[in-house]
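**Q** Predicted model, plus sequence, below.
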Amino acid sequence: MKNLKSLLGYIGIGVFLMSCSATNNLTMGVTEPAIVHLPKEIQRIGIINRSLPSEGNKQIDKIDQVLSAEGLNLDKKGAEAAIAALSDELTRTGRFEEILILNNEIDIRKGLDVFPASLSWDAIEEICETNGVDAIFSLAFYDTDTQVSYKPSIMQLPNNLGIKVAVPAHEVTLNTIIKNGWRIYNPQTTEIVDEFMYTDHLVSSGKGINPIKAIEAVVRRNEAVEELSKNIGYAYGSRISPYKHRISRDYFVRGTDNFVVAKRRAQTGDWQGAAQLWEKELDNRKAKIAGRACYNMAIINEINGDLNAAIDWASKSYADYDNKDALRYLNILKYRLSQNEVLEQQASR
């Protein structure tokens, strides 16, 4: 009983503190510039696959398949699925005139499970010139490593009378790790524009009355690897496109009756109505209240997409009224403004 009273007391204190908080939280959607920037002059893309084993590495690859219990051509099919998905994603953007998957570049193959040395610019330029492309997307490596665990188990099977009975069984679990790395070569600037590695894994398990039946139960593992590889290809292609996400902001809801009413208006989605009440407190004789009103005016301007005005209000809140929260917010707004400038540059390509 004593512990229960203490718990209720802590809950009550927590509720009280939350109800007394000077700020509320809001979220809004924003668009961020693409992670990878490609010049507008790049219009034709070539995609190469360096993950296939070269002639010298084929024996190593076969040994790896046996030791890792990999399915036949699992790495090859997974890599091809990733590249096809990348091509689809680049096409979807409408950013490029043509995307070519270059399958005849045998000399560049490595078949390793780590990033190989980057291709020489002479080699890149030759590939671009031969195929009439402006830049190269490279699947630098792709590798699946599967660990097998086996244990005896029990499963329910119907007998001749249709009654389920427990029988000895074999359970097999395959834990597959998928590792792959990508590069983008821009021969115009002799720059590797991007280098990125993905690691993911999936678990497949099966149960049967004998080991062969158990293995049959996990044959879908190969399909799952290909599907996951497609998602990886889509994800990598999306790095050249702007993306949307949600950000959170705190705004002041206490100080005067106008702040309290404005809070309720904001909670109903009437942000302009809330701003009308905040404006009334801009000339409040108390510096703390006026500073909060200036801060909230920065918030409403960010909501409306006017980052320059938001920066002006946040600056006033800090410079004139020493609102420390406004200084942190000011730096966030300046960063958002710089990101928007990058976004505009990318949109004009």
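**A** Now that the structure is in, tell me what you want to look at.
**Q** ok, and what's touching the helix or strand hosting residue 308?
**A** Residue 308 is part of helix 307-321 when elements are defined by DSSP states H and E. For helix 307-321, the surrounding residues in contact (Cβ atoms under 8 Å, 6 or more residues apart in numbering) are 287-288, 290-292, 294-295, 297-299, 301-302, 323-324, 326-327, 329-330, 333-334, 336-337, 340. Bear in mind the C-beta positions are built from the backbone N, C-alpha and C, glycine included.
**Q** Any quick ChimeraX command for the buried ones out of those?
**A** Of those, the buried ones go into a single ChimeraX selection, burial set by 16 or more other Cβ atoms under 10 Å:
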select :290,291,292,294,295,297,298,299,301,302,323,326,329,330,333,336,340
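**Q** Return the subset of the contacts of helix 307-321 lying in helices.
**A** 287-288, 290-292, 294-295, 297-299, 301-302, 324, 326-327, 329-330, 333-334, 336-337, 340 (DSSP state H).
**Q** Just name the shakiest helix or strand of the chain by mean pLDDT.
**A** Lowest by mean pLDDT, DSSP states H and E among the helices and strands of the chain is helix 2-19, with a mean of 48.
**Q** Residues touching stretch 92-100, excluding its own?
**A** 38, 42-47, 87, 90-91, 131, 133, 237, 240-241, 349.
**Q** And the residues you listed, which is closest to residue 119?
**A** Closest approach between those and residue 119, by Cβ to Cβ: residue 46, at 11.9 Å.
**Q** State the three-state secondary structure for the closest one.
**A** Three-state call for residue 46 (DSSP: H, G, I helix; E, B strand; the rest coil): strand.
**Q** Grab the nearest non-local neighbour of it.
**A** The shortest distance from residue 46 to any non-neighbouring residue, by Cβ to Cβ, 6 or more residues apart in numbering, is to residue 133 (3.7 Å).
**Q** Could you double-check that that neighbour sits in contact with residue 44?
**A** Yes - here residue 133 reaches residue 44: they are 4.5 Å apart, a contact under Cβ atoms under 8 Å.
**Q** So between these two, which is more surrounded?
**A** residue 133 (23 against 15; other Cβ atoms under 10 Å).
**Q** For residue 124, see how far away the more buried one is.
**A** 10 Å (Cβ to Cβ, to the nearest Å).
**Q** Same question for residue 148.
**A** For residue 148, the distance to residue 124 - Cβ to Cβ - is 40 Å.
**Q** which one of those two has more residues nearby?
**A** Set residue 148 next to residue 124 and count neighbours by other Cβ under 10 Å: residue 124 wins out with 22 against 13.
**Q** you'd agree the more buried one is in a helix?
**A** Yes - looking at residue 124 with three-state DSSP, it is inside a helix.
**Q** Quick check, it in contact with residue 187.
**A** Yes - at 5.0 Å, residue 124 counts as touching residue 187 under the criterion of Cβ under 8 Å.
**Q** Name the residues contacting each of these two.
**A** With Cβ under 8 Å, 6+ apart, residue 124 and residue 187 have common neighbours residue 136.
**Q** which residue ranges form the helices in the stretch 151-300 of the chain?
**A** 211-216, 221-237, 257-267, 271-279, 287-303 (DSSP state H, counting those that start in this stretch).
**Q** quick one: residue 128 and residue 134 touch, right?
**A** Yes - applying Cβ under 8 Å as the test, residue 128 and residue 134 come out as touching, 6.7 Å apart.
**Q** Any idea how many residues pack against residue 184?
**A** 21.
**Q** Does it touch residue 34 like I think?
**A** No - counting by Cβ under 8 Å, residue 184 does not reach residue 34; the two are 11.9 Å apart.
**Q** Distance of the residue nearest to the spatial centre of the chain relative to residue 122?
**A** Central residue of the chain (Cα atoms, centre = their mean): residue 235, 7.4 Å from the mean position. Residue 235 sits 31 Å away from residue 122, going by Cβ to Cβ.
**Q** Look up how far residue 166 lies from residue 47.
**A** Look at residue 47 and residue 166: by Cβ to Cβ, they are 53 Å apart.
**Q** Hmm, I typed the wrong one, I wanted residue 276.
**A** Residue 276 is 72 Å from residue 166, by Cβ to Cβ.
**Q** Which one's more surrounded, those two?
**A** Counted by other Cβ under 10 Å, residue 276 and residue 166 do not tie: residue 276 has more neighbours, with 14 against 9.
**Q** What score does the more buried one have for pLDDT?
**A** pLDDT for residue 276: 97.
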